[in-house]
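> The amino acid sequence is not available; the structure is as follows:
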């Protein structure tokens, strides 16, 4: 029964006993509520302030970011535009041309005496406003009828895009009237200046030319663009050349070109005391008024651009270096009876004397062996140093854009040092050689060539040889004329000094056995040089009476002589004779000026300190 009752109780739901809820009712106190609210507000105030401050900070930060973004965008746009202007050549030229046009007319170019070489002629031009054109094809067609040479596609392209077009060609009054009567919408007429070269092809390579809308493209015209403000302020560019000397030089070079049937001929005249080039020519030449019409071979100024091997002219520089370093004197002897072995090569003379030569006779008779012996005494380092001092290893610091850099040997071993001593294996521009030769004969001061009449401050030079060395070299170079390889270079009364140079012409893969570059470099008057001259011919041919010879002594030397005779009168250098001034001969050939030497009165054997009795 108990178990059954237990089971029955488990099955029945249990009664939950609830406890009574006691409710406590308190009386409402308004002051306490107010104080509670104040306490709640005091606690919430800092949080509200912080929230407000964060909102203000976020707004300020947003505005700063917007401003920074705007500035960055503007900076990028401006930088991009500047980059476009600096890298887009066409746009750069247009901007520069507009700046110069606003600055005024292009300055004139005059020679040292004020003779005009380049000036401006008042002309009329045509301009077309693309947005105002009704019919592009009709406009292009009608303008081309009146303006020959018009680039139709260029004009059609600009007008089709609604762009402004300034036609480069200038027009005559008759052409202007014809276009005006056509009544083409958008066509207008403006005043222009045409660049004009009154001397035509005289000094054409040096003067260069300027093209409408492009500025100076060659020669002094390009120099003007690079130094625009300087010459715009001065009103004109004064070139160093003298048109009278220029005409004399070009006339004689032209005669030599025809007489010797050469492919080209070039030359220059330089004031040895200032470095000013008073005449420079490269034939064939061209007329700057018609630059597009150039004969074959007239593209470049060979005097400043072509790098050529000048042959025995380099013996002058080798000899001067040996003298100045105290390795030789006029009494030094050189045994040139046999070829000179240098490493695995043999140095030979073209027309050997087959005897022992004095220092002077090595230059007089142009001995390769003797020059190589001098170079052996200098050693590679000394030879390289000497040529470097004469500016023969680096580009000339001249303003012309068409300038060539020398091509020296890639290495300076014994063989290269020997061959460079007589001008083989090194190529320089003729102007390089002229500046170096001037330093040899003017008392030992090297002056950078210049094509502008400049202040004395810009004409300062640097000493490269002693005055004594220069005096000895003048005397030796006179002997080259009086009793050496260059008798045809003499000009009576001027006692010219100088040296011939004949070199095989460098061609692809080596040297030509049939073509030559012949040169003569000299100065006058020899007793007190004022002007140095270089003359070169490209592949001259033998003439009647030369017995088949085409070396420098048969063509470059007589051309030099004729140039000196012409320049003497132009440059107001009067010839003298021993009857008028007996001291001249004494000055040239008597008073010995000898540098100290370690090899005095010795026979050189080719190496430093290798002399023998």
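It's in. In this text the structure is predicted, and so the values were computed from the model without any measurement. Numbers count the residues shown, from 1 in each chain.

> Would you agree residue 238 falls within a helix?
No: counting by DSSP: H, G, I helix; E, B strand; the rest coil, residue 238 is not part of a helix but strand.

> Do I have it right that it meets residue 108?
No: under the criterion of C-beta atoms under 8 Å, residue 238 is not in contact with residue 108, lying 9.5 Å apart. Where C-beta positions appear, they are placed from N, C-alpha and C, glycine not excepted.

> Tell me the buried residues in the one helix or strand residue 560 maps to?
Element membership for residue 560 (DSSP states H and E) is helix 556-570. Neighbour counts using 16 or more other C-beta atoms under 10 Å place 556-568, 570 of helix 556-570 among the buried residues.

> Then stretch 542-550?
Those would be residue 550, for stretch 542-550 by 16+ other C-beta under 10 Å.

> Quick one: mean pLDDT over it.
Averaged across stretch 542-550, the pLDDT comes to 86.

> mind listing the strands in the stretch 151-300 of the chain by residue range?
Using DSSP state E, counting those that start in this stretch, the strands of the stretch 151-300 of the chain run over residues 164-171, 187-196, 210-211, 215-216, 236-238, 264-271, 277-283.

> Kindly report the same for the stretch 501-613 of the chain.
Secondary structure of the stretch 501-613 of the chain (DSSP E, counting those that start in this stretch): strands at 510-524, 531-538, 603-604.

> winner for burial among these?
strand 531-538 (a mean of 27; mean count of other C-beta atoms under 10 Å).

> So what are the sheet partners of it and their directions?
Strand 531-538 has the following strand partners under DSSP bridges: strand 264-271 (antiparallel), strand 510-524 (antiparallel).

> which stretch in the ones you listed has the least confidence?
Mean pLDDT is lowest for strand 510-524 among the strands paired with strand 531-538, at a mean of 93.

> Same list (the strands of the stretch 501-613 of the chain) but as a markdown table, adding distance to residue 551.
Formatted as a markdown table, the strands of the stretch 501-613 of the chain follow (distance: least, C-beta to C-beta, whole Å):
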| stretch | distance to residue 551 |
| --- | --- |
| strand 510-524 | 6 |
| strand 531-538 | 11 |
| strand 603-604 | 26 |
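
> closest to residue 142 out of those?
Nearest to residue 142, of all the strands of the stretch 501-613 of the chain, is strand 531-538, at 49.4 Å by C-beta to C-beta.

> Give me the distance from the closest one to the chain's centre.
Centre-to-centre, strand 531-538 and its host chain are 21 Å apart (C-alpha atoms, centre = their mean, to the nearest Å).

> just the angle between that strand and strand 277-283, please?
Orientation check (axes from the mean of the first three to the mean of the last three C-alpha atoms, to 10 degrees): strand 531-538 against strand 277-283 gives 10 degrees.

> Out of the strands paired with strand 531-538, which is closest to residue 234?
With C-beta to C-beta as the criterion, residue 234 lies closest to strand 264-271 of these, at 21.4 Å.

> Name the nearest residue to residue 571, sequence neighbours excluded.
Nearest residue to residue 571, sequence neighbours excluded (C-beta to C-beta, 6 or more residues apart in numbering): residue 245, at 6.4 Å.

> where's the nearest residue to residue 294 once chain neighbours are set aside relative to residue 212, distance?
Spatial nearest neighbour of residue 294, chain neighbours left out: residue 286 (4.4 Å); criterion: C-beta to C-beta, 6+ apart. Distance of residue 286 to residue 212, computed by C-beta to C-beta, to the nearest Å: 18 Å.

> And for residue 412?
Between residue 412 and residue 212 the computed distance is 49 Å (C-beta to C-beta).

> Which strands or helices does whichever strand or helix holds residue 382 pack on?
Per DSSP H and E: residue 382 is located in helix 368-389. Using 3 or more C-beta pairs under 8 Å, 6 or more residues apart in numbering; DSSP states H and E, the elements in contact with helix 368-389 are helix 314-324, strand 333-335, strand 340-342, strand 345-347, helix 359-364, helix 414-420, strand 603-604.

> Looking at the ones you listed, spot the one closest to residue 450.
Nearest to residue 450 among the helices and strands packed on helix 368-389 is helix 314-324 (21.4 Å), distances taken as C-beta to C-beta.

> what's the angle between the closest one and helix 368-389?
Using the same axes, to 10 degrees: helix 314-324 against helix 368-389 is 80 degrees.

> So which bits of helix 314-324 are buried?
If you call a residue buried by 16+ other C-beta under 10 Å, then helix 314-324 has these buried ones: 314-324.

> From the contact counts, what lies against it?
helix 359-364, helix 368-389, helix 430-441, helix 467-483, strand 497-507.

> Need these in JSON lines (columns: distance to residue 424, mean pLDDT and mean neighbour count).
Conversion of the helices and strands packed on helix 314-324 to JSON lines gives the following (distance: least, C-beta to C-beta, whole Å; pLDDT from 0 to 100; neighbours: other C-beta atoms under 10 Å):
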{"stretch": "helix 359-364", "distance to residue 424": "16", "mean pLDDT": "95", "mean neighbour count": "25"}
{"stretch": "helix 368-389", "distance to residue 424": "8", "mean pLDDT": "96", "mean neighbour count": "23"}
{"stretch": "helix 430-441", "distance to residue 424": "14", "mean pLDDT": "97", "mean neighbour count": "27"}
{"stretch": "helix 467-483", "distance to residue 424": "19", "mean pLDDT": "93", "mean neighbour count": "22"}
{"stretch": "strand 497-507", "distance to residue 424": "7", "mean pLDDT": "93", "mean neighbour count": "24"}
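
> Output the ones you listed as JSON lines; include the columns distance to residue 461.
Formatted as JSON lines, the helices and strands packed on helix 314-324 follow (distance: least, C-beta to C-beta, whole Å):
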{"stretch": "helix 359-364", "distance to residue 461": "24"}
{"stretch": "helix 368-389", "distance to residue 461": "12"}
{"stretch": "helix 430-441", "distance to residue 461": "8"}
{"stretch": "helix 467-483", "distance to residue 461": "13"}
{"stretch": "strand 497-507", "distance to residue 461": "20"}
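
> Are we agreed that residue 69 is in a strand?
No: read with three-state DSSP, residue 69 is helix and lies in no strand.

> any idea how far residue 78 is from it?
From residue 69 across to residue 78, the span is 15 Å (C-beta to C-beta).

> still on that earlier bit, just so I know, which of the strands paired with strand 531-538 lies nearest residue 123?
Of all these, it is strand 264-271 that lies closest to residue 123, at 34.3 Å by C-beta to C-beta.

> what's in contact with stretch 129-148?
Stretch 129-148 is contacted by residues 126, 128, 150, 152, 155-156, 158-165, 167, 169, 171, 175, 178-179, 182, 184-188 when judged by C-beta atoms under 8 Å, 6 or more residues apart in numbering.

> Quick one: distance of that stretch to the chain centre.
The chain centroid and the centroid of stretch 129-148 are separated by 42 Å, computed with C-alpha atoms, centre = their mean.

> Point out where the stretch 251-400 of the chain drops to low pLDDT.
Low-confidence regions of the stretch 251-400 of the chain, defined by pLDDT under 70, are absent; no residue qualifies.

> The closest residue to residue 533 other than its chain neighbours bridge partners, please.
Once flanking residues are discounted, residue 533 sits nearest to residue 269: 5.1 Å by C-beta to C-beta, 6+ apart. Beta-bridge pairing of residue 269 under DSSP bridges involves residue 279, residue 533.

> what about the closest residue in space to residue 211 that isn't next to it in sequence, neighbour count?
Leaving aside its sequence neighbours, residue 211 sits nearest to residue 217 (C-beta to C-beta, 6+ apart; 5.8 Å). Per other C-beta atoms under 10 Å, the neighbour tally for residue 217 reads 15.

> same deal with the one 10 residues further on?
Counted with other C-beta under 10 Å, the neighbours of residue 227 add up to 13.

> Could you check the pLDDT of it?
91.

> quick revisit: could you say which one of the strands of the stretch 501-613 of the chain comes nearest to residue 380?
Closest approach to residue 380 among the strands of the stretch 501-613 of the chain is made by strand 603-604 (17.0 Å; C-beta to C-beta).
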